[in-house]
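Colleague: Sequence unavailable; structure follows:
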């Protein structure tokens, strides 16, 4: 271990430098406008009505309290802080008024003189200059219109499918083409459809090519009216686009006000990965939901582990023999060995598969504003869950159950030595678990489950366009795959000193993962976003967790074997912690932010301001989806 650790840390240092360099190169390839020049501002004061009314009672109570503690002989209001009557020892300098410093009071004053967009623009122009802010997109509260937009998009897709199918039949010179019909149910039909098609108590079949355009037109007219009514209804968020990257980078990394619950600025995500409904949450609401989500996560972890262990105990070789038809098969020596090695790990893997979708829903409930931040949350929590469920729990339970009789008969003094001896035996379970994961990764080339799903959807799809959508954009989940890779690495590092035979299994897993997922990322799947290396910080922390477990396992084994100098390895842990802290302090910001010099160099390369066409494009890019349906597209 003392010889391996420096090599591991050197590799991690090299990877950290590479991530910073590659991120900088990728960011330099982004076009002007959009994410490269934009920021997302959340928790804008008073925009949604929160804090719009001045807290008169609270301010009067505060003034009354201060007046009671006023110094004797002090005639006018002057507290020990920089109050309105504070005199600076430097000539010509005066303290800023409290109403200017207070973001809520300042927002109330600005909203009294103008609208929401002018307030956000004025806030950014005051900080960065009037010539630097080129576009402001205030986010509207579209909850009222979103169901209509969703229905409109469904009808549009359905109409496109039917139209394409009808045109293809005409091109093939088919005769007696039967026009597709749609059944209108009385409970679901809209008012105009009931009147036109005389929908009464019974369902009515209507021509699809006639009904769908009419239904879409009525929805569009309703959305147009609703869009005008919601222009005064905002959520506390806005997208601001600057004239250069330097200002956008300064805004995203700076502190806009001293109040951290107002004017929170961050780099803007891609427009196609924004979770619009979560932009309306404020800091306190997100914080409360985060606490709830972590509490639910802990509860799931507590109840998940015993259930999995109980099912693993039931689904064993002896019970498999009792299943009709499997008794003779299970008695075959080769089958017996396979079932003994695979069944427990397979059950654990099946139960873990259903967890990432649950974690993704929890992240969205928590208030994550983009698909990438949801994936990052899944990576972190899925790894933590697997550390407890796959490693710690299985390791302790497996070691205890294999020597439970010896522990009972030998007393407390024999527990630690017996656990140390049986720890190496539990490594066989983790070898089988790694093999199951390697088999799952290898089967990724065949894509059995997506293929089955595709065949089912293909049978249900009525047109060629619908069939195309079934295979055109295949999803890829970083949240699941990254956490699976890091937990396998943790198991390999932790058990290498106990059972070196686990290393070839890890090598097999990562070799297959490299070949299969590299092919999939290039030729098969469609990436939902470009994270630009921001996920590496989670990978780095999880790899360091694996190194900590490797050191802890090594020291525990030496202590169990009564090696007198085992504690001499403690400085290795201190050195690893120091490396972890220093590496994060050196690279945490380069992994997530753009440097000011890099931004200035790119601005000089671009030559000139953002053009009017680019401004219009970015305005439409960060417009709420409800406002992107225009008259020309509808027609």
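Modeller: Received the coordinates, thanks. Not measured: the values here are computed from a predicted model.
Colleague: okay, CA-based contacts and neighbour counts for the rest of this
Modeller: Will do.
Colleague: Strands of the protein, start to end?
Modeller: Assignment of strands within the chain using DSSP state E yields the ranges 38-42, 133-140, 181-184, 204-207, 234-242, 264-267.
Colleague: how about JSON lines for these, with mean pLDDT, mean neighbour count and distance to residue 466 added?
Modeller: Supplementary listing: the strands of the chain in JSON lines, determined by pLDDT from 0 to 100; neighbours: other CA atoms under 10 Å; distance: least, CA to CA, whole Å:
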{"stretch": "strand 38-42", "mean pLDDT": "93", "mean neighbour count": "25", "distance to residue 466": "35"}
{"stretch": "strand 133-140", "mean pLDDT": "91", "mean neighbour count": "23", "distance to residue 466": "32"}
{"stretch": "strand 181-184", "mean pLDDT": "83", "mean neighbour count": "15", "distance to residue 466": "17"}
{"stretch": "strand 204-207", "mean pLDDT": "85", "mean neighbour count": "15", "distance to residue 466": "19"}
{"stretch": "strand 234-242", "mean pLDDT": "92", "mean neighbour count": "26", "distance to residue 466": "34"}
{"stretch": "strand 264-267", "mean pLDDT": "92", "mean neighbour count": "21", "distance to residue 466": "36"}
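Colleague: So for residue 384, which of those strands sits nearest?
Modeller: Checking the strands of the chain against residue 384 by CA to CA gives strand 264-267 as the closest, at 26.4 Å.
Colleague: any weak-confidence spans in the protein?
Modeller: Scanning the chain for pLDDT under 70 picks out 1, 51-93, 173-175, 309-344, 397-425, 462-463, 631-635.
Colleague: counting residues per helix, which one in it is longest?
Modeller: Among all segments of the chain classified by DSSP state H, the helix with the greatest residue count is helix 283-314.
Colleague: gap between it and the chain center?
Modeller: Relative to the centre of its chain, helix 283-314 is centred 18 Å away, using CA atoms, centre = their mean, to the nearest Å.
Colleague: Please name every helix or strand in contact with that helix.
Modeller: Under the contact definition 3 or more CA pairs under 8 Å, 6 or more residues apart in numbering; DSSP states H and E, helix 283-314 sits against helix 333-353, helix 355-366.
Colleague: Tell me what angle it forms with strand 38-42.
Modeller: 90 degrees (axes from the mean of the first three to the mean of the last three CA atoms, to 10 degrees).
Colleague: now helix 283-314 against helix 355-366, angle please.
Modeller: 160 degrees.
Colleague: If you count neighbours, what's buried in helix 283-314?
Modeller: 283, 286, 289, 290, 293, 297, 301, 305, 308, 309, 312 (16 or more other CA atoms under 10 Å).
Colleague: would you turn those into JSON lines with distance to residue 8?
Modeller: Formatted as JSON lines, the buried residues of helix 283-314 follow (distance: CA to CA, whole Å):
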{"residue": "283", "distance to residue 8": "39"}
{"residue": "286", "distance to residue 8": "38"}
{"residue": "289", "distance to residue 8": "38"}
{"residue": "290", "distance to residue 8": "34"}
{"residue": "293", "distance to residue 8": "34"}
{"residue": "297", "distance to residue 8": "32"}
{"residue": "301", "distance to residue 8": "31"}
{"residue": "305", "distance to residue 8": "32"}
{"residue": "308", "distance to residue 8": "34"}
{"residue": "309", "distance to residue 8": "34"}
{"residue": "312", "distance to residue 8": "35"}
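Colleague: got the contact list for stretch 356-371?
Modeller: Residues from elsewhere that reach stretch 356-371, judged by CA atoms under 8 Å, 6 or more residues apart in numbering: 269, 273-276, 278-279, 281, 286, 289-290, 293, 374-375, 377-378, 381-382, 479-480, 528-529.
Colleague: Show only the entries of those found in helices.
Modeller: Among those, the ones falling in helices (DSSP H) are 286, 289, 290, 293, 374, 375, 377, 378, 381, 382, 479, 480.
Colleague: can you put those residues in CSV and add distance to residue 249?
Modeller: Shown next, in CSV, are the ones in helices among the contacts of stretch 356-371 (distance: CA to CA, whole Å):
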residue, distance to residue 249
286, 24
289, 29
290, 27
293, 31
374, 23
375, 23
377, 24
378, 27
381, 29
382, 31
479, 27
480, 31
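Colleague: just to revisit the earlier point, hmm, which of the contacts of stretch 356-371 are the buried ones?
Modeller: By neighbour count, with 16+ other CA under 10 Å, the contacts of stretch 356-371 hold 269, 274-276, 278-279, 281, 286, 289-290, 293, 374-375, 377-378, 381-382, 479-480, 528 as buried.
Colleague: what about the helices in the stretch 51-200 of the chain?
Modeller: Taking DSSP state H, counting those that start in this stretch as the test, the helices found in the stretch 51-200 of the chain are 56-68, 98-101, 103-113, 116-128, 146-171, 191-197.
Colleague: contacts for the last one?
Modeller: So that's helix 191-197. With CA under 8 Å, 6+ apart as the test, helix 191-197 has contacts from 186, 199, 200, 204, 206, 215.
Colleague: just those residues now: which is nearest residue 12?
Modeller: For these, the residue nearest residue 12 by CA to CA is residue 215; the value is 58.2 Å.
Colleague: Number of residues surrounding the closest one?
Modeller: By the measure other CA atoms under 10 Å, the count of residues near residue 215 is 18.
Colleague: check contacts around it.
Modeller: Counting by CA under 8 Å, 6+ apart, residue 215 touches residue 193.
Colleague: any idea how far residue 263 is from it?
Modeller: 42 Å (CA to CA, to the nearest Å).
Colleague: again, but for residue 195
Modeller: Counting by CA to CA, the gap from residue 195 to residue 263 is 50 Å.
Colleague: who has more neighbours, these two?
Modeller: residue 263 (24 against 11).
Colleague: That one: what's its closest spatial neighbour, skipping adjacent residues?
Modeller: Among residues not flanking residue 263 along the chain, residue 44 sits closest, at 5.0 Å (CA to CA, 6 or more residues apart in numbering).
Colleague: Name the residues of stretch 583-590 that are buried.
Modeller: So stretch 583-590, judged by 16+ other CA under 10 Å, has buried residues 583, 584, 587, 588, 590.
Colleague: Of the residues you listed, just say which sits nearest to residue 13.
Modeller: Closest to residue 13, out of all of the buried residues of stretch 583-590 and judged by CA to CA, is residue 583, at 7.4 Å.
Colleague: Residue 129: neighbour count?
Modeller: By the criterion of other CA under 10 Å, residue 129 has 12 neighbours.
Colleague: quick one: contacts for it?
Modeller: Residues near residue 129 by CA under 8 Å, 6+ apart: none.
Colleague: Repeat that for residue 496.
Modeller: The contact partners of residue 496, by CA under 8 Å, 6+ apart, come to 502, 503, 550.
Colleague: so the first one sits right up against residue 429, yeah?
Modeller: Same thing as residue 502. No: using CA atoms under 8 Å, residue 502 is not in contact with residue 429, being 10.3 Å away.
Colleague: Between the two, which has more neighbouring residues?
Modeller: Counted by other CA under 10 Å, residue 502 and residue 429 do not tie: residue 502 has more neighbours, with 23 against 19.
Colleague: Distance of the more buried one relative to residue 493?
Modeller: Distance from residue 502 to residue 493, by CA to CA: 9 Å.
Colleague: same check, this time on residue 436
Modeller: Using CA to CA, which is the criterion applied here, residue 436 is 18 Å from residue 493.
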